[in-house]
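*Asks:* Provided below are the primary sequence and the corresponding predicted coordinates.
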Amino acid sequence: MLSDNIKYYRKQKGYTQETLAQALNIVRQTVSKWEKGYSVPDADMLEKMSEILDVPVNELLGTPSENKDQSTEIEKLASQLAILNDQIAREAARKKKAKKINLIIAAVIVGVLFIGCAVLFISFPIDSLIPGDMSHVEVRQTPSQMYSQSEIENAIEVIRNDFIDWKGCTMTLIYYAGDDICAEETKNRGVQTLVLYCDFRTGNLDGNDGLNSNHTYRRWNWILVKDEDGRWKHIDHGY
């Protein structure tokens, strides 16, 4: 091929692309395009290059040498080069069009994914993914004759662990409900019972947990009983 022959005879002559370009009074990038097959020289440039490289034009083109009229040969070469340039231009245009189509398809896919994610984000509130938070809860001290402070703290710790499952909720206050409430619950249930009150607020929830979104609940009950091992167990909650 012409591209391979230009590169071969250039190296045979000991020329670099830059050296050949200077001899032809063109830029090095043009020589590089010829050798990569991105374009071809015109008939005049091909004839000049054959003189510089000391190689017949026919050999540069890879065709057998024949004793024909020089002007006829040049016209034939010009026609061949024009066809090659047209083919290269068509191929380049096809690749450019294909690349443009691929970019459009990629943009459409990204757009569809973006819209899908946006719809999902709107329809599924992000707060519903955030664990319940008691990191800044205020623990109010309430005196008790029924339970020691240690027992009340243990009960609060049980609620602290369970509240993690209350997605999108933040507890702001928790405290012992008082001996009267706990004594009545203990009597009704027939087992030692401890009641805690709390205040908490909800975020933007999905509505599946029965709680109102962006609402503050106050004096919410947490009911705990002692199990067989003497540890508090959360069994119920609500108003």
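*Replies:* Okay, I see it.
*Asks:* Check what pLDDT Lys95 gets.
*Replies:* Looking at Lys95, its pLDDT reads 82.
*Asks:* Quick check: which element contains it?
*Replies:* If you go by DSSP states H and E, Lys95 is part of helix 70-123.
*Asks:* next helix or strand past that helix?
*Replies:* With secondary structure assigned by DSSP H and E, helix 70-123 is succeeded by strand 138-140.
*Asks:* Give me the helices and strands touching that following strand, please.
*Replies:* strand 169-176 (3 or more C-beta pairs under 8 Å, 6 or more residues apart in numbering; DSSP states H and E). Quick note: C-beta positions are derived from backbone N, CA and C, even for glycine.
*Asks:* Output the strand it packs on as PDB, nothing but the C-alphas.
*Replies:* In PDB, the C-alpha atoms belonging to strand 169-176 read as follows (Å, rounded to 0.1, in the frame of the first residue of the first chain):
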ATOM      1  CA  CYS A 169     -37.000   9.600  63.400                       C
ATOM      2  CA  THR A 170     -35.000  11.600  66.000                       C
ATOM      3  CA  MET A 171     -35.700  11.300  69.700                       C
ATOM      4  CA  THR A 172     -35.200  14.500  71.600                       C
ATOM      5  CA  LEU A 173     -36.300  13.600  75.100                       C
ATOM      6  CA  ILE A 174     -36.800  10.400  77.200                       C
ATOM      7  CA  TYR A 175     -37.700  10.000  80.900                       C
ATOM      8  CA  TYR A 176     -39.300   7.600  83.500                       C
END
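*Asks:* Report the distance from that strand to the chain centre.
*Replies:* Relative to its chain's centre, strand 169-176 lies at 38 Å (C-alpha atoms, centre = their mean, to the nearest Å).
*Asks:* Check stretch 38-49 too.
*Replies:* Counting by C-alpha atoms, centre = their mean, stretch 38-49 comes out at 48 Å from the chain centroid.
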